[in-house]
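Trainee: below are the sequence and a predicted model; questions follow.
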Amino acid sequence: MSRKTRLQTRLLDAVIGLVVRIKPLARLINRIAIKRLCSRMPPRPNPLSTKDPYTSWTSLTDRTWSGRHLPPVPADASSPPTTSQGPPTVDAVAALFVRDGEMIPCPKSTVLFTYFAQWFTDGFLRTDRSAAPGVLRNTRKNESNHEIDLAQLYGLNSAMTDQLRADDGLLKSQMIEGEEYPEFLYHQGALKPEFDKLLSPFGADGLMHDQKNALFAMGSDTRNMGFMAFNVLFLREHNRIARLLKQTYPGWSNDQVFETTRNILTVVLLKIVVEEYINHITPIPFRFILSADGFAKELWFRTNWMAIEFNLLYRWHPLVPSTFTLDGTDLTIDQTLSNTQALTSAGLGRFMADASAQPAGRVGLFNTDSALVAVADRPSIEQGRVAQLRSYNDYRVLCGQSRLKSFRELNPDPTIEAGLSAVYDSVDDVEFYVGLFAEKSGVNDVLPPLTLLMVAFDAFSQALPNPLVSPRIFNETTFSAVGWEIVNDDQRISDIVHRNVPEPSRPSFVSLTRQGYRRV
């Protein structure tokens, strides 16, 4: 980087730093910036869903089907694009993702960012999982509520929520080595009857009894260690807030305590998403804030409906390291699955500290562990083909960007250029999912450019219409005086960890951003 560029960066940082300190000006710029980001793509409602290639009442109302930003490839066109040797095989395309040797680290993100991203998005990006054993899933369908509603903690419906609840507005929990965790889902290898409405965990049928007996009862079926850790953290915060409300308002019913706590915790999550997670992703130093006003009349301020493109662009598997070191032990990816014992043995504080101390991988091609390519990237490529998604270049045009004319324009890295040219005849043939990861990222970018643009649109346009942050609801009446104070406090993941991890094991550094990182 040239001396002139460094000076320009420092000047921009200084100006933005001054703006942030002037609160009214910061809020104004916050609204303007969010409006501009959300105007980069056509607003909801989308005319089409994955149900049919034409608009129908079902495509406009039935949210069990994923939405879609662009119509499918026409029936008379090939999908995927046909090259001179025929359609590229899924295996040939999947090979573009395989990590060869050491992981390329992200200069900014920690493994904690990796785990939080998966935990957060699993609440609303849930490809249909209802198929019977041995039946192919319909990947055009989405079984989520399409809301940021902490479904990963509370479940997808009221029947699941009821089974996770305890008395006094609390969530069911147990103490293990002096720390609070969810109750176990199984007993002697069998699902407990009290949890028969909960989702069956991924891979549970193949586990030994002692592993199965250690699985937690949670709102989701995802079972990697990072996911479980964030559910543990938010369960503890739910119960902390519920106990505080019960003590402050002894006349409240258990239901009022529970529902008010859930409202408070959902807004706490929304604040973390906007003010820590999105601010970590953005390459500029301006700090976005969660705002309850200024957007209701915008065209994009519409009912949430997750699109299949949004689902696919969130498959950030390169972030995941091939080994994660917890309490001095190196764990492979497989060893982080359904491994509740390792989490409880180390403790939540140790987990958060270790995840914050290790770098995530750089999002891009040739940087995903081969185990994840087989079970995650390969099915993602197939999912895009089943949905007949248009090409990467078509989505660039949708977002107001120019159509690229060569692989080198997409990414000048010789390895990536050679890899793409070995699979596709031209840049116009590059599939949406592949193009997202093939792009060259900027020096301060956590994500490649088109991914960043589309994430910004969907993140803001799906988070801000949440009813809890609408002007008539975002007030003390909804949250109580105690809750209103909580939702108006600064909220970071480290704050929740420090409130819910016992003093002897409380970590000193918890962050999505690597310690010592400096924007260049």
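Mentor: The structure has been received and is ready for your questions. Residues are numbered from 1 along each chain as shown.
Trainee: alpha carbons only for contacts and neighbour counts from here, please
Mentor: Fine.
Trainee: burial check on S508, number of neighbours?
Mentor: Residues near S508, counting by other CA atoms under 10 Å, number 10.
Trainee: and the spatially closest residue to it that is not a sequence neighbour, what does it touch?
Mentor: Distances taken as CA to CA, 6 or more residues apart in numbering put A353 closest to S508, at 7.5 Å, once the chain neighbours are dropped. Neighbour list for A353: P507, S508, F509, V510 [criterion: CA atoms under 8 Å, 6 or more residues apart in numbering].
Trainee: what helix or strand is A353 located in?
Mentor: Using DSSP states H and E, A353 maps to helix 348-357.
Trainee: still on that earlier bit, quick one: which of the contacts of A353 is the most crowded by neighbours?
Mentor: Per-residue neighbour counts (other CA under 10 Å) across the contacts of A353 peak at V510, which has 25 neighbours.
Trainee: that one touches M352, doesn't it?
Mentor: Yes - the criterion here is CA atoms under 8 Å, and V510 meets it with M352 at 6.2 Å.
Trainee: shared neighbours, these two?
Mentor: Among the neighbours of V510, those also in contact with M352 (CA under 8 Å, 6+ apart) are V497.
Trainee: so where's the stretch 401-520 of the chain uncertain?
Mentor: Judged against pLDDT under 70, the stretch 401-520 of the chain has no low-scoring part.
Trainee: can you give me the helices for it?
Mentor: 407-410, 414-423, 432-438, 449-463, 476-488, 493-500 (DSSP state H, counting those that start in this stretch).
Trainee: now what about the third one, what contacts it?
Mentor: The list of residues contacting helix 432-438 from outside it, by CA under 8 Å, 6+ apart, reads 93, 312-313, 363-365, 380-381, 384, 389-393, 395, 410-411, 416, 448, 450-451.
Trainee: inside helices: which ones of the residues you listed?
Mentor: 93, 312-313, 380-381, 384, 392-393, 395, 410, 416, 450-451 (DSSP state H).
Trainee: could these go into JSON lines alongside neighbour count and distance to T340?
Mentor: Shown next, in JSON lines, are these (neighbours: other CA atoms under 10 Å; distance: CA to CA, whole Å):
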{"residue": "V93", "neighbour count": "21", "distance to T340": "34"}
{"residue": "L312", "neighbour count": "19", "distance to T340": "28"}
{"residue": "L313", "neighbour count": "19", "distance to T340": "29"}
{"residue": "S380", "neighbour count": "22", "distance to T340": "27"}
{"residue": "I381", "neighbour count": "20", "distance to T340": "31"}
{"residue": "G384", "neighbour count": "23", "distance to T340": "33"}
{"residue": "Y392", "neighbour count": "22", "distance to T340": "39"}
{"residue": "N393", "neighbour count": "21", "distance to T340": "43"}
{"residue": "Y395", "neighbour count": "24", "distance to T340": "40"}
{"residue": "L410", "neighbour count": "20", "distance to T340": "42"}
{"residue": "I416", "neighbour count": "21", "distance to T340": "38"}
{"residue": "L450", "neighbour count": "20", "distance to T340": "36"}
{"residue": "T451", "neighbour count": "20", "distance to T340": "33"}
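Trainee: shaky segments in the chain?
Mentor: Ranges of the chain meeting pLDDT under 70: 1-21, 75-86, 131-136.
Trainee: report the angle between the longest strand along it and helix 348-357.
Mentor: As assigned by DSSP state E, the longest strand anywhere in the chain is strand 105-110. Calculated by axes from the mean of the first three to the mean of the last three CA atoms, to 10 degrees, strand 105-110 forms an angle of 140 degrees with helix 348-357.
Trainee: mind starting the numbering at 28 from now?
Mentor: Done: numbering now begins at 28, and the last item shifts to strand 132-137.
Trainee: please name every helix or strand in contact with whichever helix or strand comes after strand 132-137.
Mentor: On the C-terminal side of strand 132-137, the closest following helix or strand by DSSP H and E is helix 138-148. Applying 3 or more CA pairs under 8 Å, 6 or more residues apart in numbering; DSSP states H and E, one finds that helix 138-148 contacts helix 252-275, helix 375-384, strand 386-388.
Trainee: so for T288, which of these sits nearest?
Mentor: Minimum separation from T288 across the helices and strands packed on helix 138-148 (CA to CA) falls at helix 252-275, 5.7 Å.
Trainee: one step back: now the helix holding A380 against helix 252-275, angle please.
Mentor: Helix 375-384 and helix 252-275 are oriented at 130 degrees to each other (the same axes, to 10 degrees).
Trainee: next, format the helices of the stretch 428-547 of the chain as CSV and append distance to E303.
Mentor: Shown next, in CSV, are these (distance: least, CA to CA, whole Å):
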stretch, distance to E303
helix 434-437, 30
helix 441-450, 32
helix 459-465, 23
helix 476-490, 13
helix 503-515, 15
helix 520-527, 8
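Trainee: please identify the most buried of these.
Mentor: Highest mean neighbour count of the helices of the stretch 428-547 of the chain: helix 459-465, a mean of 25 (counted as mean count of other CA atoms under 10 Å).
Trainee: can you give me how far that one is from the chain middle?
Mentor: 18 Å (CA atoms, centre = their mean, to the nearest Å).
Trainee: one more: stretch 471-485?
Mentor: So, by CA atoms, centre = their mean, the centroid of stretch 471-485 is 13 Å from its chain's centroid.
Trainee: ok, residues contacting it?
Mentor: For stretch 471-485, the external contacting residues (CA under 8 Å, 6+ apart) are 64-68, 133, 135-136, 305, 308-310, 337, 340, 389-391, 423, 426, 463-464, 466-469, 546-547.
Trainee: can you flag which of these belong to strands?
Mentor: Filtering the contacts of stretch 471-485 for strands - DSSP E - leaves C133, K135, S136.
Trainee: got a quick ChimeraX command for the buried subset of these?
Mentor: The following ChimeraX line selects those of these that are buried, judged by 16 or more other CA atoms under 10 Å:
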select :133,135,136
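Trainee: ok, the ones in strands among the contacts of stretch 471-485 vs W92, which is closest?
Mentor: W92 lies nearest to S136 out of the ones in strands among the contacts of stretch 471-485, by CA to CA, at 32.9 Å.
Trainee: quick check: bridge partners of the closest one?
Mentor: As for beta bridges, S136 partners with T540 under DSSP bridges.
Trainee: from Q542, how far out is it?
Mentor: Taking CA to CA, to the nearest Å as the measure, S136 falls 9 Å from Q542.
Trainee: with S468 instead?
Mentor: Distance, S468 to Q542, by CA to CA: 21 Å.
Trainee: next: K432.
Mentor: For K432 relative to Q542 (CA to CA), the value is 39 Å.
Trainee: more neighbours: which of the two?
Mentor: Comparing K432 with Q542 by other CA under 10 Å, the one with more neighbours is Q542, at 16 against 12.
Trainee: list the contacts of the more buried one.
Mentor: Q542 sits next to A384 when contact means CA under 8 Å, 6+ apart.
Trainee: what do you get if the cut-off is 10 Å, keeping everything else the same?
Mentor: Neighbouring residues of Q542 by CA atoms under 10 Å, 6 or more residues apart in numbering: K135, S136, T137, S383, A384, Q385, P386, F536.
Trainee: right, and the fifth one touches F140 too?
Mentor: Going back to what we said before, that points to A384. No - using CA atoms under 10 Å, A384 makes no contact with F140, being 11.1 Å away.
Trainee: quick check: neighbours shared by those two?
Mentor: Counting by CA under 10 Å, 6+ apart, the residues touching both A384 and F140 are S538, L539, T540, R541.
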